[in-house]
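quick one: sequence plus predicted model below, questions after.
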Amino acid sequence: LGLLALRNRRLSVGVMVGLAAIAFVARIVLFHAGVPWNEVYVQTEGYLDALMIGALLAWALHSGWRPGRRIEALGWLGAAFIAAVVLTTHREDAWLFDGGYTLVALASALVICAALNERSALARLLQARPARELGRLSYSIYLWHVLIFMAVADSLAARSGAVRLVVGLSLTGLASGFSYYVIERPFLRRKRRPPERPAAKPEGDAGSTPAASGAGPGRAPGMATVAEP
């Protein structure tokens, strides 16, 4: 908020890049100092680089920068890299804490840049209904999945990994859907509701005050007049 108030481009970029660099180094130092991986992962100073990369991208777009055509190929590379990390990497692998998480954040930024071009194949893929539905539930999934999978791992320790995965995904989907439609969506509706504006007085009518009734987009409000005191 302070940087937005100052409106200094060089200072803003310098601070965001500096914070990202501090987080990059802090994660390496904390992990190799013996701090448990999960504590390193959730600490702000251990994950701030991803937030700053997102902030830098948002700042660049807000400043008028737009990605060129070549960014689509980089977006596909970023998506392939993220998929490879998800499928092959364990959460405690040291390379993630030695810079891997920063690479994941950069790859995510490339995917976002490529998706900004609505004509690109990557954008069309992300506009498919399954992807859009997953996107709507993504924040709820983020909130619920760790707790649910931990509970499933404890409750079904004797079962196979495949069984735990199916149960965990099913419960996460149910909890996320409930959370989105019952809690998140009502608040989003309130956020998107346009502010009410007072009805304007018609010119040349000094003896009456208009009161809008049934006003709505695209149609004139019904007018009722009341005598002024």
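Alright, I've got the coordinates. Residues are numbered from 1 along each chain as shown.

what about the helices in this structure?
Assigned by DSSP state H, the helices in the chain fall at 2-6, 9-32, 37-42, 48-62, 71-88, 94-95, 101-115, 121-126, 129-155, 161-179, 185-192.

which residue comes closest to the residue nearest in space to the middle of the chain once chain neighbours are left out?
Nearest to the mean C-alpha position of the chain, by C-alpha atoms, centre = their mean, lies Tyr139 at 7.4 Å. Once flanking residues are discounted, Tyr139 sits nearest to Glu184: 6.9 Å by C-beta to C-beta, 6 or more residues apart in numbering. In this view, the C-beta of every residue, glycine as well, is placed from N, C-alpha and C.

tell me the most buried of the helices of the chain?
Of all the helices of the chain, helix 101-115 carries the top mean neighbour count, a mean of 20, counting by mean count of other C-beta atoms under 10 Å.

on that earlier part again, my guess is the residue nearest to Tyr139 meets Ser138, correct?
No: using C-beta atoms under 8 Å, Glu184 makes no contact with Ser138, being 10.8 Å away.

mind putting the helices of the chain into CSV with mean pLDDT?
Shown next, in CSV, are the helices of the chain (pLDDT from 0 to 100):
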stretch, mean pLDDT
helix 2-6, 80
helix 9-32, 92
helix 37-42, 85
helix 48-62, 91
helix 71-88, 92
helix 94-95, 92
helix 101-115, 93
helix 121-126, 89
helix 129-155, 92
helix 161-179, 93
helix 185-192, 84
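
for the nearest residue to Thr89 once chain neighbours are set aside, give its distance to Ile28.
Leaving aside its sequence neighbours, Thr89 sits nearest to Leu96 (C-beta to C-beta, 6+ apart; 6.5 Å). In this view, Leu96 and Ile28 are 11 Å apart by C-beta to C-beta, to the nearest Å.

how about Arg10?
Applying C-beta to C-beta to Arg10 and Ile28 gives a distance of 27 Å.

any figure for the gap between Ala114 and Leu77?
Applying C-beta to C-beta to Ala114 and Leu77 gives a distance of 9 Å.

my bad, Leu11
32 Å.

and what of Leu188?
Look at Leu188 and Leu77: by C-beta to C-beta, they are 33 Å apart.

Phe24 now?
Phe24 is 21 Å from Leu77, by C-beta to C-beta.

equivalent analysis for Ile22, please.
27 Å.

got it, and Gly161?
Gly161 is 30 Å from Leu77, by C-beta to C-beta.

kindly report the same for Leu125.
Distance from Leu125 to Leu77, by C-beta to C-beta: 15 Å.

equivalent analysis for Gly54, please.
Using C-beta to C-beta, Gly54 is found at 19 Å from Leu77.

and Tyr181, by the same measure?
Tyr181 is 36 Å from Leu77, by C-beta to C-beta.
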